[in-house]
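A.B. asks: structure, please.
(2 chains)
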Number of protein chains: 2
Amino acid sequence: MNAPADPAASLAVSLATSKAPLTSADEMEARLRAIGATRYHSLHPFHRLLHGGQLNKGQVQAWALNRYFYQSTIPIKDAVVISRFRDRATRLEWRHRIEDHDGDIGTEGGIERWLKLTEGLGLDSKYVESTEGILPATRFAVEAYVHFVREKTPLEAIASSLTELFAPNLHEERISGMLKHYDFVNPDIMSYFSRRMEQAPRDANFALKYVRQNARNPEEREAVCNALIFKTNVLWVQLDALYHAYVDGHIPPGAFVPQDHKPRHKAN
Amino acid sequence: MNAPADPAASLAVSLATSKAPLTSADEMEARLRAIGATRYHSLHPFHRLLHGGQLNKGQVQAWALNRYFYQSTIPIKDAVVISRFRDRATRLEWRHRIEDHDGDIGTEGGIERWLKLTEGLGLDSKYVESTEGILPATRFAVEAYVHFVREKTPLEAIASSLTELFAPNLHEERISGMLKHYDFVNPDIMSYFSRRMEQAPRDANFALKYVRQNARNPEEREAVCNALIFKTNVLWVQLDALYHAYVDGHIPPGAFVPQDHKPRHKAN
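C.D. replies: Numbers count the residues shown, from 1 in each chain, chains lettered A, B, ... in the order given. Presented below is the predicted three-dimensional model:
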């Protein structure tokens, strides 16, 4: 991480990387927010390009195609989270997340809204749903998330969802940036994000309250913070892979090649 | 994948990506070799730089540091493979792989040889063994390999090791290239690779014979080929991540920063 220039950012870095024992829920929350401020993928260069209108249509397609795999895996991840709890109240609290993504008979969910986006961008839904053109790094990162919630403690499984604390600002920036800059984007195909701006805060508030109450000693609070770092890595890796493949032009064997892609010079 | 210029390479691409049913072990082996010829990480631009002497010491350190996580996970992966077989003969055949990497009391194994490499490159072994500076993409890719051999069929678990068919040529090129080009490399710290040149062919021959005998229909032969493609992705993703972080200079938050690293211009 490069040293940031302004004092607030520098404070966030030292708070996020501090090794001091976390002796209270408030200290833990402060560190969680510092991790978000220094590691959330809102800071990633790919998002700067995406929201600033500096990508071509093929690059935006690649982003939406890969991110489909993430979106469509979330209800699977959430089903695993539910399966970790004997406690009925927590299962009840979590259950609506599956419905948010899967919808219901006759009711659209997040995955269908994402397919409206990929379709609006000119991608065939059958191809998107097959996930055969995604980057292997996308697959590995997303599957790591499912394995994490299966293998770590239930507390860490919940904590890994805390990136949602930081999502609304990012979604707001994305909606306005993409509508402004791309003539192939309209409000209808962006409905996934407008809808998530209502859902994410509710979900994040529950998860934050849960970890504040259930991480009862410095080790557990540390584990909560590490779960959030893990999750920021899951998101960051996906954008690194997109940047490398579709901005720097190193598309790996077998992955989606946009129609407007110009191969790099041989010597790269 | 870019279209290759010469006819042999073009034949390999069409063979590797063919969807024709594999009606015999020979057809399967031909496709496996074509997958190796088109997707093995010997073709990756990062290896061209590494073997051609075009990296600085910090970049070579980053490669060895990240690859340590792969190496040190292999005996864990192999223990999972062994655990998949009720059949004692296969377990016996596979067992020496753990020993190859872990060594024995008083006998050096592959992991210690890898630490000789990282130490020879000036990295502290405690830091290397902690794996705390590795790229998240390395972790996700390597862990995907362990999950693969746990979750797929025993046949696919064995098939995923078939990249070893292609390793000896790569190791030969690496040893001679690195000794020639880097004054910080000597034969002693390269002993991991010289030793693997004896071990890999024996292991690969067993695995190839196994899949030839045990993949008994087109679907199973296809699954064997897909397991090899999966594994080539595990290797490729690691080099993509190294290239992005240490050649293009986008080091992600928390990862190893070489002493000789020059931060990129802010605007990247």
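A.B. asks: enumerate the residues of the stretch 101-250 of chain A near chain B.
C.D. replies: Contacts of the stretch 101-250 of chain A with chain B, taken as Cβ under 8 Å from any Cβ of the partner chain, map to A:136-137, A:139-141, A:143-144, A:147, A:229, A:232-234, A:236-237, A:240-241, A:243-245, A:248, A:250. C-beta: built from backbone N, CA, C; applies to glycine.
A.B. asks: do that again at 7 Å, thanks
C.D. replies: Applying Cβ under 7 Å from any Cβ of the partner chain, one finds that the stretch 101-250 of chain A approaches chain B through A:136-137, A:140-141, A:143-144, A:147, A:233, A:236-237, A:240-241, A:243-244, A:248, A:250.
A.B. asks: tell me who's in contact with A:L135.
C.D. replies: A:66, A:241, A:245, A:252, A:255 (Cβ atoms under 7 Å, 6 or more residues apart in numbering or on different chains).
A.B. asks: contacting residues for the nearest residue to it once chain neighbours are set aside?
C.D. replies: Distances taken as Cβ to Cβ, 6 or more residues apart in numbering or on different chains put A:A241 closest to A:L135, at 4.7 Å, once the chain neighbours are dropped. With contact set as Cβ under 7 Å, 6+ apart, A:A241 has these partners: A:135, A:137-138, B:240.
A.B. asks: check which helix or strand covers A:A241.
C.D. replies: Using DSSP states H and E, A:A241 falls within helix A:218-242.
A.B. asks: what about that helix, average pLDDT?
C.D. replies: On average, the pLDDT along helix A:218-242 is 98.
A.B. asks: ok, stretch A:8-15 next?
C.D. replies: So the average pLDDT for stretch A:8-15 ends up being 84.
A.B. asks: what's the answer for stretch A:97-109, then?
C.D. replies: 91.
A.B. asks: with stretch A:71-81 instead?
C.D. replies: Rounded mean pLDDT across stretch A:71-81 is 96.
A.B. asks: go on, stretch A:122-135?
C.D. replies: Rounded mean pLDDT across stretch A:122-135 is 97.
A.B. asks: how far does that stretch sit from its chain's centre?
C.D. replies: Centre-to-centre, stretch A:122-135 and its host chain are 19 Å apart (Cα atoms, centre = their mean, to the nearest Å).
A.B. asks: now do the buried residues in that stretch.
C.D. replies: A:123, A:128, A:131, A:133-135 (16 or more other Cβ atoms under 10 Å in any protein chain shown).
A.B. asks: can you redo the residues you listed as a markdown table with distance to A:E219?
C.D. replies: Listed next are the buried residues of stretch A:122-135 as a markdown table, based on distance: Cβ to Cβ, whole Å:
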| residue | distance to A:E219 |
| --- | --- |
| A:L123 | 45 |
| A:V128 | 42 |
| A:T131 | 38 |
| A:G133 | 42 |
| A:I134 | 37 |
| A:L135 | 36 |
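A.B. asks: still on that earlier bit, among the contacts of A:A241, which are in helices?
C.D. replies: Among the contacts of A:A241, DSSP state H puts A:137-138, B:240 in helices.
A.B. asks: need the residues you listed in a markdown table (columns: neighbour count and distance to B:T107).
C.D. replies: Listed next are the ones in helices among the contacts of A:A241 as a markdown table, based on neighbours: other Cβ atoms under 10 Å in any protein chain shown; distance: Cβ to Cβ, whole Å:
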| residue | neighbour count | distance to B:T107 |
| --- | --- | --- |
| A:A137 | 30 | 37 |
| A:T138 | 26 | 41 |
| B:D240 | 29 | 35 |
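A.B. asks: all helices for the stretch 101-250 of chain A, in order.
C.D. replies: A:110-120, A:125-130, A:136-151, A:154-159, A:167-181, A:191-214, A:218-242 (DSSP state H, counting those that start in this stretch).
A.B. asks: let's have those helices in JSON lines, adding distance to A:R91.
C.D. replies: Formatted as JSON lines, the helices of the stretch 101-250 of chain A follow (distance: least, Cβ to Cβ, whole Å):
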{"stretch": "helix A:110-120", "distance to A:R91": "20"}
{"stretch": "helix A:125-130", "distance to A:R91": "28"}
{"stretch": "helix A:136-151", "distance to A:R91": "14"}
{"stretch": "helix A:154-159", "distance to A:R91": "11"}
{"stretch": "helix A:167-181", "distance to A:R91": "23"}
{"stretch": "helix A:191-214", "distance to A:R91": "13"}
{"stretch": "helix A:218-242", "distance to A:R91": "19"}
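A.B. asks: ok so, going back, identify the farthest-apart pair in the contacts of A:A241.
C.D. replies: Pairwise distances across the contacts of A:A241 peak at 11.6 Å for A:T138 and B:D240 (criterion: Cβ to Cβ).
A.B. asks: tell me the contacts of A:P136?
C.D. replies: A:252, B:233, B:236-237.
A.B. asks: from B:V13, how far off is it?
C.D. replies: Separation of A:P136 from B:V13 (Cβ to Cβ, to the nearest Å): 18 Å.
A.B. asks: for chain B, what's the nearest residue on the stretch 51-200 of chain A?
C.D. replies: A:P136 (3.7 Å; Cβ to the nearest Cβ).
A.B. asks: what's the separation between that residue and A:T73?
C.D. replies: 15 Å.
A.B. asks: and A:D104, what is it in contact with?
C.D. replies: A:D104 neighbours (Cβ under 7 Å, 6+ apart): none.
A.B. asks: go on, A:I251?
C.D. replies: With the criterion set at Cβ under 7 Å, 6+ apart, A:I251 makes contact with A:245, A:257.
A.B. asks: again with A:A204
C.D. replies: A:162, A:164-165.
A.B. asks: rerun that using 10 Å as the cut-off
C.D. replies: A:A204 makes contact with A:161-168, according to Cβ atoms under 10 Å, 6 or more residues apart in numbering or on different chains.
A.B. asks: compare those residues and tell me which has the most neighbours.
C.D. replies: A:S161 (27 neighbours; other Cβ atoms under 10 Å in any protein chain shown).
A.B. asks: grab the nearest non-local neighbour of that one.
C.D. replies: Nearest one to A:S161, counting by Cβ to Cβ, 6+ apart, is A:A207 at 5.0 Å.
A.B. asks: so who does that neighbour touch?
C.D. replies: By Cβ under 10 Å, 6+ apart, the contact set of A:A207 is A:93-94, A:158-165, A:224.
A.B. asks: in the longest helix along chain A, what's buried?
C.D. replies: Assignment by DSSP H gives helix A:57-83 as the longest helix of chain A. Residues A:57-82 are the ones in helix A:57-83 that count as buried (16+ other Cβ under 10 Å).
A.B. asks: other SSEs contacting that helix?
C.D. replies: helix A:45-51, helix A:88-102, helix A:110-120, helix A:125-130, helix A:136-151, helix A:154-159, helix A:191-214, helix A:218-242 (3 or more Cβ pairs under 10 Å, 6 or more residues apart in numbering or on different chains; DSSP states H and E).
A.B. asks: how about 8 Å then?
C.D. replies: helix A:45-51, helix A:88-102, helix A:110-120, helix A:125-130, helix A:136-151, helix A:154-159, helix A:218-242 (3 or more Cβ pairs under 8 Å, 6 or more residues apart in numbering or on different chains; DSSP states H and E).
A.B. asks: now do the same end-to-end measure for stretch A:48-63.
C.D. replies: One end of stretch A:48-63 to the other measures 13 Å (Cα to Cα, to the nearest Å).
A.B. asks: what does it rub up against?
C.D. replies: A:46, A:118, A:121-123, A:173-174, A:177-178, A:180-182, A:184-185, A:242, A:245-247, A:256, A:258-261 (Cβ atoms under 8 Å, 6 or more residues apart in numbering or on different chains).
A.B. asks: ok, 7 Å please
C.D. replies: Contacts for stretch A:48-63 (Cβ under 7 Å, 6+ apart): A:121-123, A:173-174, A:177-178, A:180-182, A:184, A:242, A:246-247, A:256, A:258-261.
A.B. asks: buried subset of those?
C.D. replies: A:121, A:123, A:173-174, A:177-178, A:182, A:242, A:246-247, A:256, A:258, A:261.
A.B. asks: in the residues you listed, find the pair that's most separated.
C.D. replies: A:E173 and A:H261 (26.4 Å).
A.B. asks: I appreciate the help and will end here.
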